[in-house]
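Asks: Next comes the sequence, and after it the predicted model I'd like to discuss.
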Amino acid sequence: MLFSQLVYRIAARTPRNSLPSCRWILSHRRYGHQPTFRNSNENKKHLDPFSLVGDELSLISMRLRSMVVAEIHLDTMLQVPELASAAGYFFKEGVEGKKLCPTVASLIHDDVLDDADTRRGIGSLSSVMGNKLAILAGDLLISRAFVALASLKHTEVVSLMATALKNLVSGETMQMTATFEQCCSMECYMQKTYNKTAALVSNSCKAVAYLSGQREEVATLAFEYGKNLGLAYQLIDDILDFTGTSASLGKASLTDLRNGIITAPILFAMEEFPQLRAFINSSSDNPANVDVILEYLGKSHGIQRTTELALKHASLAAAAIDSLPETHDVDATNARTALVHITQKIITRNK
């Protein structure tokens with residue numbers, strides 16, 4: 001939501017007949033590229049991206065809460081009051097975190113698949129109300145999101161968000177059905193990561209460019225920003241699964257490892273210690289193997305290399321903003337600075 005608002009500010013003030021080449025971005029997609037932050041805003045004053053669009057975010061949050069809680073309550077209270085309560089579970093006042101309907105719906109479904117007990121520091125919906133009601137609540141939120149999308153009467157935007165939903169399902173299916181050999185592939189991991197996380201961010205950023213009437217070239221840069229931002233975010237998230245605490249994350253740590261899900265830190269560690277494969281393959285069946293895996297991870301450069309990969313994608317996201325046409329509009333310039341700051345903030349977050 002935050003970066004979508006900032007992208008909209010930029011796109012709304014970007015000249016439609018001016019765009020530098022994005023060849024620089026396309027030529028730096030190989031994973032071996034040395035990560036550096038390259039942006040023209042690095043010497044400008046610090047801008048807090050949240051305060052910059054704070055008023056808009058507050059308004060959107062209130063409207064989302066109204067749409068989800070009030071409308072669902074009115075539509076379903078007489079028939080299924082439990083469903084109304086479930087669908088509004090994460091939209092209550094004081095519950096921090098993502099407030100986009102598709103995102104919340106995907107997290108609700110994710111908790112069902114992962115048998116998670118907590119989410120954002122409170123009980124997961126599935127643990128509180130059961131899997132069946134949680135799944136139905138997620139479905140209802142998705143339907144509400146597309147009702148809101150349809151009201152925009154913009155077919156390209158609806159198509160983009162439908163694509164993001166398709167990617168999300170594909171990514172979850174990949175995770176559930178991949179063979180062990182496929183799970184040990186970095187290419188498979190990055191594709192799954194794009195599908196499950198970055199697709200929603202990238203398509204959302206592209207959508208706001210379309211909504212502001214921008215040309216395809218600007219929309220493509222918005223997509224590149226969102227894609228690389230989403231990849232960087234998930235890479236750091238996978239690091240925090242090993243280095244964070246349950247209290248700071250708002251969910252259990254080591255969740256992926258205990259569920260047999262192989263992420264970037266382990267993939268890089270396996271390159272240094274091939275014997276890890278045997279322990280990882282049976283980690284979900286033998287909890288004692290978790291300690292062995294963590295010991296090997298600590299001796300490897302897995303965390304460091306994952307951080308470098310996240311930095312690389314954060315750098316590419318910043319470069320996409322730098323590649324937008326020049327502007328002398330103060331608001332657009334500030335928004336660009338804030339978007340670049342988000343790429344740095346994602347790398348340094350601890351929750």
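Replies: Right, received. Where do you want to start? Residues are numbered from 1 along each chain as shown.
Asks: For the residue minimising distance to the centre of the chain, give me the pLDDT.
Replies: Geometric centre of the chain, nearest residue: residue 197, 4.1 Å, by Cα atoms, centre = their mean. pLDDT, residue 197: 94.
Asks: so it touches residue 229, yeah?
Replies: No: counting by Cβ atoms under 8 Å, residue 197 sits too far from residue 229 to count as a contact (9.8 Å). C-beta coordinates here come from the backbone N, C-alpha and C atoms, glycine included.
Asks: And the strand or helix carrying residue 228, what does it pack against?
Replies: Assigned by DSSP states H and E, residue 228 belongs to helix 216-243. Applying 3 or more Cβ pairs under 8 Å, 6 or more residues apart in numbering; DSSP states H and E, one finds that helix 216-243 makes contact with helix 2-12, helix 186-193, helix 199-211, helix 255-258, helix 264-272, helix 302-322, helix 330-348.
Asks: which stretches of the stretch 1-150 of the chain have low pLDDT?
Replies: Applying pLDDT under 70 to the stretch 1-150 of the chain picks out residues 1-46, 65, 68-84, 87-102, 120.
Asks: let's go with 50 and repeat that
Replies: Along the stretch 1-150 of the chain, the model assigns pLDDT under 50 to residues 16-44, 78, 96, 99.
Asks: what's near enough to touch residue 302?
Replies: 264-269, 272 (Cβ atoms under 8 Å, 6 or more residues apart in numbering).
Asks: Let's see if you can find the most crowded of these.
Replies: Neighbour tally across the contacts of residue 302 (other Cβ atoms under 10 Å): the maximum, 27 neighbours, falls on residue 266.
Asks: Return the distance of residue 177 relative to residue 347.
Replies: Counting by Cβ to Cβ, to the nearest Å, the gap from residue 177 to residue 347 is 32 Å.
Asks: Could you check which of these two is surrounded by more residues?
Replies: Neighbours around residue 177 and residue 347, counted as other Cβ under 10 Å, are more numerous at residue 347. The numbers are 20 against 8.
Asks: Find the nearest non-adjacent residue to that one, please.
Replies: Excluding its sequence neighbours, the residue lying closest to residue 347 (Cβ to Cβ, 6 or more residues apart in numbering) is residue 314, at 5.3 Å.
Asks: Equivalent analysis for residue 183, please.
Replies: With Cβ to Cβ, 6+ apart as the criterion, residue 183 has its nearest non-adjacent residue at 4.7 Å, and that residue is residue 262.
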